[in-house]
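Chemist: build the 3D model from these lines:
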Amino acid sequence: MVAMSGGVDSSLAAALLVEAGYRTVGVSMRLWGPADGSIQSGCCSFDDFLDARRVAEQLGIPFYVMDFREEFRRAVVDPFVAEYRAGRTPNPCTRCNQFVKFAALWERAQEIGADLIATGHYARSRTVGDQTELLRGVDHDKDQSYFLFPIDREVLRRTLFPVGELTKAEVRRGASRRGLPVADKPDSQEVCFAPRGNYAALVEAHSSPQPIRDGFIVDEAGHVLGRHEGVHRFTIGQRRGLGLQQGGPPRYVTAIDAASGTVQIGSGDRVVKTGLIATQANWLGPLPLAGTWVSVKIRSRFAPQPALVTYADAESFRVSAPAGLRAVTPGQAAVLYDGERVIGGGWIAQALSDTPHLDLPPQGEGESRRVSPGEPTMAPAWRRHAP
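Modeler: Next comes the predicted model:
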């Protein structure tokens, strides 16, 4: 069962699987939208469903639209609203992968007798012994492994990533060569269920019966600089849209206290931290030992930074980063890498700034090795599965 969004990535993934000899079924997931069928966001539009159906017809495979709206609301939208109201910054794409696109979808796949699921994510997997590892996509500009850290190990073993060895340009060329009607379709650039990217409006619309409360913007000495209309409009490290008089040195959001409704701002150096604590960990391999150098990503577009694991158990971990981490944001994911391999990750609970000085790791450790698109690699896992 291949998840088909109507975009070029999942469409080419389906085409590659068909060409490799898999008996393939295409599925579009209806995740969001009112019951009357009108669509008010960039998610699950009828045009997307029609694009996916056209590709499936061209490939000669069955195609279905499956309703996951209840699972999506419960696992993604409700926590999204609650996190923003609590002064945290949620990561809805990762939660969607964790609970819907790889958990609920795998359950549906088993119901129809499918042995494997596939997606158009830019990520790779490989089997080492009896373990399946998750790797970064070859195209590091499009790599989506950060969003996939919470996948259950058994589901990862049953998942294929056909476009993970390709660059975006290669994907578009491959779709064009095959005459797929979505070869030039633009990528979606925003949270799919927030109309026009207006997160604040969505939070406010789904906050009944508890009203949004306003509060104060203060400096680090506690002096009131202005008022705001809700902590859900702010995130750690934010510089623009503070609603304050312009002029003077740049100011950034350094702390958010939802209980009092207070947003604190300060200079840029105040958002650089030297470590973090993450909870609700998911490990895709053995636990890293304390004293292990890794790379850590704290946002999807954040370059991996060297970090030292100072504590790790089944549920949480703590890392120290001697070079500093900018805008460590509670609610976001912290994902640990060993080169190209995802070790695991968790949800940021707390930023740390009291970590003792640490020397940087020896050259080559704690960094992700770049893989050029033309570099020879072992046969991709999805091709090694018997169709």
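Chemist: ok, and for stretch 223-243, which residues are buried?
Modeler: 225, 228, 230-238, 242 (16 or more other CB atoms under 10 Å). For the C-beta atoms, the positions are set from N, CA and C on the backbone; glycine is no exception.
Chemist: tell me the domain boundaries of the chain?
Modeler: If you go by automatic domain parsing, the domain ranges for the chain are 2-196, 213-266, 271-352.
Chemist: let me know which of those is the nearest to residue 205.
Modeler: domain 2-196 (8.9 Å; CB to CB).
Chemist: need the buried residues of stretch 223-243 in JSON lines with distance to residue 81 and pLDDT, can you?
Modeler: Formatted as JSON lines, the buried residues of stretch 223-243 follow (distance: CB to CB, whole Å; pLDDT from 0 to 100):
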{"residue": "225", "distance to residue 81": "27", "pLDDT": "91"}
{"residue": "228", "distance to residue 81": "18", "pLDDT": "93"}
{"residue": "230", "distance to residue 81": "12", "pLDDT": "93"}
{"residue": "231", "distance to residue 81": "13", "pLDDT": "93"}
{"residue": "232", "distance to residue 81": "8", "pLDDT": "93"}
{"residue": "233", "distance to residue 81": "13", "pLDDT": "93"}
{"residue": "234", "distance to residue 81": "15", "pLDDT": "94"}
{"residue": "235", "distance to residue 81": "15", "pLDDT": "94"}
{"residue": "236", "distance to residue 81": "19", "pLDDT": "95"}
{"residue": "237", "distance to residue 81": "21", "pLDDT": "93"}
{"residue": "238", "distance to residue 81": "19", "pLDDT": "93"}
{"residue": "242", "distance to residue 81": "22", "pLDDT": "88"}
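Chemist: which stretches of the protein aren't confidently modelled?
Modeler: Applying pLDDT under 70 to the chain flags residues 34-44, 189-190, 195-197, 354-387.
Chemist: quick one: secondary structure of the residue nearest the centre of it?
Modeler: In the chain, the centroid-proximal residue (CA atoms, centre = their mean) is residue 147; its distance is 2.9 Å. For residue 147, the assignment made with DSSP: H, G, I helix; E, B strand; the rest coil gives helix.
Chemist: tabulate the buried residues of stretch 223-243 (CSV), appending distance to residue 134 and secondary structure.
Modeler: Compiled in CSV, the buried residues of stretch 223-243 are given as follows (distance: CB to CB, whole Å; DSSP: H, G, I helix; E, B strand; the rest coil):
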residue, distance to residue 134, secondary structure
225, 44, strand
228, 39, strand
230, 37, coil
231, 34, helix
232, 32, helix
233, 34, helix
234, 32, coil
235, 27, coil
236, 27, coil
237, 27, coil
238, 31, coil
242, 38, coil
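Chemist: and residue 29, its phi and psi?
Modeler: Main-chain torsions, residue 29, degrees, to the nearest 10: phi -100, psi 120.
Chemist: who's it bridged to?
Modeler: residue 66 (DSSP bridges).
Chemist: was I right to think it contacts residue 68?
Modeler: Yes: in this structure, residue 29 is within contact of residue 68 by CB atoms under 8 Å, at 5.0 Å.
Chemist: tell me which of the two has more neighbours.
Modeler: Counted by other CB atoms under 10 Å, residue 29 and residue 68 do not tie: residue 29 has more neighbours, with 25 against 22.
Chemist: dump the domains of the chain to a markdown table, plus distance to residue 203.
Modeler: A markdown table is the format used below for those (distance: least, CB to CB, whole Å):
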| stretch | distance to residue 203 |
| --- | --- |
| domain 2-196 | 5 |
| domain 213-266 | 5 |
| domain 271-352 | 13 |
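Chemist: out of those domains, which gets nearest to residue 207?
Modeler: Between those, domain 2-196 lies closest to residue 207; by CB to CB that is 6.3 Å.
Chemist: next one: the residue nearest to residue 350 when sequence neighbours are not counted from residue 91, what distance?
Modeler: Among residues not flanking residue 350 along the chain, residue 277 sits closest, at 4.5 Å (CB to CB, 6 or more residues apart in numbering). Shown here: residue 277 relative to residue 91, a distance of 16 Å by CB to CB, to the nearest Å.
Chemist: now do residue 74
Modeler: Distance from residue 74 to residue 91, by CB to CB: 17 Å.
Chemist: and those two? which has more neighbours close in?
Modeler: Per other CB under 10 Å, whichever of residue 74 and residue 91 has more neighbours is residue 91, with 25 against 12.
Chemist: ok, the buried residues of stretch 223-243 vs residue 10, which is closest?
Modeler: residue 235 (29.6 Å).
Chemist: now do the helices in the stretch 101-250 of the chain.
Modeler: 105-111, 153-157, 168-177, 199-205 (DSSP state H, counting those that start in this stretch).
Chemist: where do the strands sit along the stretch 251-387 of the chain?
Modeler: Applying DSSP state E, counting those that start in this stretch to the stretch 251-387 of the chain gives strands spanning 252-257, 262-266, 272-283, 293-297, 305-312, 316-326, 333-338, 341-352.
Chemist: show me what the second one is packed up against.
Modeler: Counting by 3 or more CB pairs under 8 Å, 6 or more residues apart in numbering; DSSP states H and E, the packing neighbours recorded for strand 262-266 are strand 215-218, strand 252-257.
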